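Colleague: What follows is a predicted protein model with its sequence.
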Amino acid sequence: MGAYRTDEDYDYLFKVVLIGDSGVGKSNLMTRFTRNEFSIETKSTIGVEFATRSIRCDDKIVKAQIWDTAGQERYRAITSAYYRGAAGALLVYDGTRHVTFENVERWLKELRHHTDSNIVIMLIGNKADLRHLWAVSTDDATSFAERENIFFMETSALESINVEKAFTEVLTQIYRVVSKNTLEAGEESAVLPKGQTINVDNKDDVSAVKKAGCCSA
């Protein structure tokens, strides 16, 4: 599970959003997972960017559409559209800057305000390669994640530590939710999990079962 694919043959398409303060490494996490690239000179994202990658879960191909946006306050007006239809989220802080961890609670509150309770959330402590500058204890982050009932992992986009594992875990958990709901509804009446909507304005912006009866053209 996790083999790289670039073709358009997929069974599920899930929207995953990256959130957190500016400069925590959201863009590099996305490019490391989708293109296995890292840029030292990454500039702050302005507006919204997204990339895709597919992995295999069981015998199904799951395609992730990963959205990345700026963490600066002046871009907060785009949030409702940004979050719409998200099936998963990576909530990222910079482990060398404690203030970015302090702001995680606000980001989480905003995320939950705009999405359904079924959304899969992974707390990410990024820049784990800079252990000598680490400012957020693993215990504190673990306690927060357990209290909020979300997943947690420490990563390094620079050294490609746990990046693959983090995204794959989120996608696998989303897949399990969708599979469970599909089985409960029956194959002939498969339903979308709550909050995973179809945006008719953008054919790629769907967090849905591509080949299930309810979504077939």
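Modeller: Nice, thanks for sending it over.
Colleague: quick one: which helix or strand includes the closest residue to residue 150 other than its chain neighbours?
Modeller: Spatially, and ignoring its direct neighbours in sequence, residue 150 is nearest to residue 121 (4.1 Å; C-beta to C-beta, 6 or more residues apart in numbering). (Glycine included, C-beta is placed from N, CA and C.) In this structure, residue 121 sits in strand 120-126 according to DSSP states H and E.
Colleague: now swap in residue 55 and tell me
Modeller: Counting by DSSP H and E, the element that carries residue 55 is strand 48-57.
Colleague: what distance separates that strand from the centre of its chain?
Modeller: Counting by C-alpha atoms, centre = their mean, to the nearest Å, strand 48-57 is centred 9 Å from the centre of its parent chain.
Colleague: and that strand, C-alpha only, in CSV?
Modeller: Written as CSV, here are the backbone C-alpha positions of strand 48-57 (Å, rounded to 0.1, in the frame of the first residue of the first chain):
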residue,chain,number,x,y,z
VAL,A,48,-4.6,27.7,-3.0
GLU,A,49,-2.5,25.0,-4.7
PHE,A,50,-3.2,21.3,-5.0
ALA,A,51,-1.5,18.2,-6.2
THR,A,52,-2.6,14.6,-6.6
ARG,A,53,-1.2,11.1,-6.0
SER,A,54,-2.8,7.6,-5.9
ILE,A,55,-2.1,4.7,-3.6
ARG,A,56,-3.5,1.2,-3.3
CYS,A,57,-5.7,0.2,-0.4
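Colleague: What is the strand holding residue 121 packed up against?
Modeller: strand 86-94, helix 104-114, helix 138-148, strand 151-154, helix 163-185 (3 or more C-beta pairs under 8 Å, 6 or more residues apart in numbering; DSSP states H and E).
Colleague: Fine, thanks again, bye for now.
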